[in-house]
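Asks: Below are the sequence and a predicted model; questions follow.
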Amino acid sequence: QVQLVESGGRLVQPGGSLRLSCAASGHTLSTYDMGWAMGWFRQAPGKEREFVAAISWSGARTYYADSVKGRSTISRDNAKDTLYLQMNNLKPEDTAVYYCAAGRWGTSSNEYDYWGQGTQVTVSS
């Protein structure tokens, strides 16, 4: 059973930056060896969980939601079995709990089998 643990969420001012991390553990093989894509989703209060970004198992392919495209970069360090999300020029509407997930490639939460517990990002002055 793979475990995903997010970190890096915090209070940040509008226009600021932060990097979220998601460390995978608890499985004999890494997420890379399993051929899993990984993704970031977020859920704001009173709203449904939404797709943010995804990266293929090799890291060669990435995909972003329009809301974060151009401001965010998803990456993975397969040697460390860790996923990252660099977010720049943050806006108040980016405030949400951010979740990482591992599974098949896609933008739907149904494509992912394993989820972290989430990390809170708050963008406010």
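Replies: Sure, I can see it.
Asks: Okay, and the residue nearest the centre of the chain sits in which element?
Replies: For the chain, the residue nearest the mean C-alpha position is residue 40 (2.6 Å; C-alpha atoms, centre = their mean). Assessed by DSSP states H and E, residue 40 sits inside strand 37-43.
Asks: just checking, next helix/strand downstream of that strand?
Replies: Using DSSP H and E, the next helix or strand after strand 37-43 towards the C-terminus is strand 50-55.
Asks: Could I have the CA atoms of that next one written out in PDB?
Replies: What follows is strand 50-55, C-alpha atoms only, in PDB (Å, rounded to 0.1, in the frame of the first residue of the first chain):
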ATOM      1  CA  GLU A  50     -10.500  19.900  -9.100                       C
ATOM      2  CA  PHE A  51      -7.500  18.900 -11.300                       C
ATOM      3  CA  VAL A  52      -4.400  21.100 -11.100                       C
ATOM      4  CA  ALA A  53      -1.600  19.300 -12.900                       C
ATOM      5  CA  ALA A  54      -0.400  15.900 -13.900                       C
ATOM      6  CA  ILE A  55       2.900  14.300 -14.900                       C
END
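Asks: so for the helix or strand just after that strand, what's the average pLDDT?
Replies: As assigned by DSSP H and E, the chain's next helix or strand after strand 50-55 is strand 62-64. Strand 62-64 shows a mean pLDDT of 97.
Asks: could you list every residue that touches the nearest residue to residue 4 once chain neighbours are set aside?
Replies: Using C-beta to C-beta, 6 or more residues apart in numbering and skipping residues adjacent in sequence, the residue nearest residue 4 is residue 116, 3.7 Å away. In this view, the C-beta of every residue, glycine as well, is placed from N, C-alpha and C. Listed by C-beta atoms under 8 Å, 6 or more residues apart in numbering, the contact set of residue 116 reads 4, 5, 6, 22, 99, 100, 101.
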